[in-house]
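S.K.: The following comprises the amino acid sequence and a computationally predicted model.
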Amino acid sequence: MHPGRRGHVLSVNFIEFKPGHEYKLDIPVQFYGIEDCKGTKEGGIFLFGEENISCTWTGDHNIPRDIQVDLVNLERGQSVRLDELGELPEGLALNGRIAKSNPVLCHIGKTGGETGNHTPPWELVEDNEWKLKMQVCRI
């Protein structure tokens with residue numbers, strides 16, 4: 001997928017995975033709950049750090065489509081680090097270097113505005129589809 005254009009496919013690669021073999025791959029990070037996030041409702045800015053997580057897959061089942069990060073309870077000034085994800089799907093393990101560095105996956109940045117005196121950073125485009133009105137910043 002094109003990183004800047006949702007739904008725009010750049011290329012497709014088909015790979016045969018055999019059970020029991022070890023494969024190194026990048027799993028995308030999917031953030032959800034941005035529309036209900038305490039921090040953005042209070043005027044905070046959503047900043048993302050890692051888009052993909054380097055993993056090793058040895059499972060016998062389907063490769064996870066993504067790793068989901070719930071933002072609902074995140075407040076302004078708080079971050080989500082890799083070690084806060086909890087248990088990964090069966091067969092999936094973090095590659096050593098990324099596990100040791102424990103990177104920030106996302107952060108709700110503080111802004112100069114006062115709590116409650118802001119415009120929400122998202123808008124409803126269609127039923128259950130939200131679109132950020134602001135530009136999401138990379139940290």
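M.R.: Thanks, I have the structure now.
S.K.: Check the offset of the longest strand belonging to the chain from the chain's centre.
M.R.: Criterion DSSP state E: the longest strand present in the chain is strand 23-32. Centroid displacement of strand 23-32 relative to its chain, using CA atoms, centre = their mean, to the nearest Å, is 8 Å.
S.K.: for the record, mean pLDDT for that strand?
M.R.: Mean pLDDT, strand 23-32: 89.
S.K.: strand partners of the helix or strand where S54 lies, parallel vs antiparallel please.
M.R.: Here S54, judged by DSSP states H and E, is contained in strand 52-57. Strand pairing for strand 52-57, determined by DSSP bridges: strand 23-32 (antiparallel), strand 92-94 (antiparallel).
S.K.: Find the one among these with the highest mean neighbour count.
M.R.: Stretch with highest mean neighbour count among the strands paired with strand 52-57: strand 92-94 (a mean of 16; mean count of other CB atoms under 10 Å). C-beta: built from backbone N, CA, C; applies to glycine.
S.K.: Need the CA coordinates for the longest strand of the chain. PDB is fine.
M.R.: What follows is strand 23-32 as a C-alpha-only set of coordinates in PDB (Å, rounded to 0.1, in the frame of the first residue of the first chain):
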ATOM      1  CA  TYR A  23      10.300 -15.700   8.300                       C
ATOM      2  CA  LYS A  24      11.300 -12.100   9.000                       C
ATOM      3  CA  LEU A  25       8.700  -9.600   8.000                       C
ATOM      4  CA  ASP A  26       7.300  -6.200   9.000                       C
ATOM      5  CA  ILE A  27       3.800  -6.100  10.500                       C
ATOM      6  CA  PRO A  28       1.900  -2.800  10.100                       C
ATOM      7  CA  VAL A  29       0.700  -1.000  13.200                       C
ATOM      8  CA  GLN A  30      -3.000  -0.100  13.100                       C
ATOM      9  CA  PHE A  31      -4.100   2.600  15.500                       C
ATOM     10  CA  TYR A  32      -7.800   2.700  16.400                       C
END
